[in-house]
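Peer 1: Provided below are the primary sequence and the corresponding predicted coordinates.
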Amino acid sequence: MSDTPPVILGDVPGSFPYSVLAERHPAIIQQVRDAFPYDPERHRALDALLASCLKGVVEPLPDAAHDRDRWSAWGLGEHTGRSWFAAPWLWSESYFYRRLLDAVGYFAPGPWQGIDPFRPAKLTELDAPETDAELAALDDLEGRPAPEAATALLHGSLWGNRADLGFRLSAAGADAAGPVPALVADDSDALWPLLTGTGILCLIADNAGRELVPDLLLIAHVLHRRLVERAVLYVKPYPYYVSDATAADVLDALRRLRAAPGAAAAYGRRLWDALGEGRLVLRAPPFAAAPLPFTDLPADLRAEFGAAALTVVKGDLNYRRLVGDRRWPPTTPFADLTAHFPGPVAALRTLKSDVICGLDARTEAALDAAEGDRWRTAGSHALIQVRT
Ligand SMILES: O=P(O)(O)OC[C@@]1(O)O[C@H](CO)[C@@H](O)[C@@H]1O
């Protein structure tokens with residue numbers, strides 16, 4: 001594509017990417033400090049990361065890092081010694097979370113090894129009364145025609161994406177949607193015919209808690225209604241972007257479902273059994289936490305998504321990775337930007353960053369007229385986009 005816009009950097013003061021690097025990341029460091037009684041060594045490491053984020057440059061991984069070679073292949077050599085604001089925004093963000101885990105001792109042998117620095121916030125959200133209300137709503141779905149239930153669960157998964165703990169740090173008052181419909185694109189009519197009873201559904205998860213629960217409910221529905229033979233749920237191999245889901249978060253969500261009253265418990269049991277029978281498979285590939293777009297998918301994931309009836313890509317970050325982290329003209333066809341993806345793909349995403357494509361011109365004009373640029377990052381609008 002000759003007129004391809006440049007990859008988004010975080011180097012424009014006042015821009016959303018800049019604010020994430022300069023404000024959100026320091027706030028996340030403070031949030032993590034407050035969440036645990038870390039020892040002085042951990043606090044010194046967090047101090048050093050904060051100084052690096054604000055005034056310093058990208059530092060290399062520790063010599064003993066298990067994934068040094070992987071990050072070398074992902075461009076660490078090219079960005080080491082450069083400002084975080086000069087690297088691609090996606091790269092800097094992803095590496096920040098990898099360095100944060102070093103600072104809290106997540107990978108190194110010791111008392112903090114494997115302790116998710118975001119777990120307190122994740123559990124607070126999962127245990128919140130709002131989650132009870134969302135689970136109770138499942139009782140109303142019982143007995144409704146299957147297509148109606150499927151649509152309700154699809155929208156539950158879609159809007160579950162607003163439950164993003166990192167986003168909430170910088171999106172105060174993001175609830176009100178303007179006069180333009182909250183759903184700015186809806187290709188869901190093209191989604192259901194792809195689930196014909198045979199084949200595999202792949203779901204690339206985003207956030208834990210109140211996004212992962214509706215994702216699991218959607219998976220339970222398509223398995224129970226035999227719209228697919230098997231489902232594969234892709235989570236992160238380690239804590240990432242504050243609320244992104246790991247396998248531990250899947251277990252927390254399943255326990256929450258099984259302990260809930262009413263219909264929710266049956267969903268939880270079905271999912272638990274499906275995992276045991278291999279009809280639901282969990283995967284946590286390293287690439288899920290890579291600082292790269294999906295055009296760089298490794299061969300194994302290309303083969304898995306290529307063999308699937310549909311791959312559902314959840315959330316804003318994954319949308320940026322799927323279509324390319326660039327300020328495309330909003331009317332650029334979604335099919336053009338996802339032609340690289342090896343199989344049918346659907347994006348379910350609330351708009352929380354500048355990247356957007358696949359809008360019709362009238363919708364773009366109405367959004368701009370009603371909200372200026374706010375609609376792109378406020379989380380008040382969402383989309384369901386499908387490329388068959
Ligand atoms: O992927 P999610 O959870 O829907 O959103 C991720 C996010 O909160 O983080 C990035 C900014 O740090 C943006 O892509 C978006 O704002």
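Peer 2: Sure thing, it's come through.
Peer 1: which residue packs closest to Thr388, ignoring adjacent ones?
Peer 2: Residue nearest to Thr388 in three dimensions, not counting chain neighbours: Pro344, with 5.0 Å by CB to CB, 6 or more residues apart in numbering. (Glycine included, C-beta is placed from N, CA and C.)
Peer 1: number of residues surrounding the one you found?
Peer 2: The number of residues packed near Pro344 is 22, by other CB atoms under 10 Å.
Peer 1: the one 10 residues further on too?
Peer 2: Applying the criterion other CB under 10 Å, we find 18 residues in the vicinity of Asp354.
Peer 1: can you check Glu148 too?
Peer 2: Residues near Glu148, counting by other CB under 10 Å: 10.
Peer 1: quickly find the element holding it.
Peer 2: helix 146-160 (DSSP states H and E).
Peer 1: residues in contact with that helix?
Peer 2: By CB atoms under 8 Å, 6 or more residues apart in numbering, the surrounding residues in contact with helix 146-160 are 134, 141, 144, 188, 191-192, 207, 210-215, 217-218, 221-222, 225, 227, 312, 314, 348-350, 382, 384.
Peer 1: give me the buried entries from those.
Peer 2: Among those, those classed as buried by 16 or more other CB atoms under 10 Å are 134, 141, 188, 191-192, 207, 210-215, 217-218, 221-222, 227, 312, 314, 348-350, 382, 384.
Peer 1: among those, which lie within strands?
Peer 2: Using DSSP state E, the subset of the buried ones among the contacts of helix 146-160 located in strands is Val312, Lys314, Leu348, Arg349, Thr350, Ala382, Ile384.
Peer 1: with pLDDT added, can I get those in CSV?
Peer 2: Listed next are these as CSV, based on pLDDT from 0 to 100:
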residue, pLDDT
Val312, 98
Lys314, 98
Leu348, 98
Arg349, 97
Thr350, 96
Ala382, 96
Ile384, 97
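Peer 1: reformat these as JSON lines; add distance to the ligand.
Peer 2: Output for these, formatted as JSON lines (distance: CB to the nearest ligand atom, whole Å):
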{"residue": "Val312", "distance to the ligand": "14"}
{"residue": "Lys314", "distance to the ligand": "8"}
{"residue": "Leu348", "distance to the ligand": "10"}
{"residue": "Arg349", "distance to the ligand": "7"}
{"residue": "Thr350", "distance to the ligand": "6"}
{"residue": "Ala382", "distance to the ligand": "10"}
{"residue": "Ile384", "distance to the ligand": "14"}
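Peer 1: residue contacts, Ser94?
Peer 2: Contacts of Ser94 (CB under 8 Å, 6+ apart): Tyr240, Ala289, Ala290, Pro291.
Peer 1: which one of the residues you listed is nearest to Pro40?
Peer 2: Among those, Tyr240 lies closest to Pro40 (CB to CB), at 26.2 Å.
Peer 1: surely that closest one and Tyr95 touch.
Peer 2: No. If you go by CB atoms under 8 Å, Tyr240 and Tyr95 don't touch, sitting 11.1 Å apart.
Peer 1: mind listing what the most centrally placed residue in the chain touches?
Peer 2: By CA atoms, centre = their mean, the chain has its centre lying nearest to Asp206, at 2.7 Å. Counting by CB under 8 Å, 6+ apart, Asp206 makes contact with Asn161, Asp164, Asp244, Ala245, Lys314, Gly315, Asp316, Leu317, Asn318.
Peer 1: weed out the non-buried ones from those residues.
Peer 2: Judged by 16+ other CB under 10 Å, buried ones among the contacts of Asp206: Asn161, Asp164, Asp244, Ala245, Lys314, Gly315, Asp316, Leu317, Asn318.
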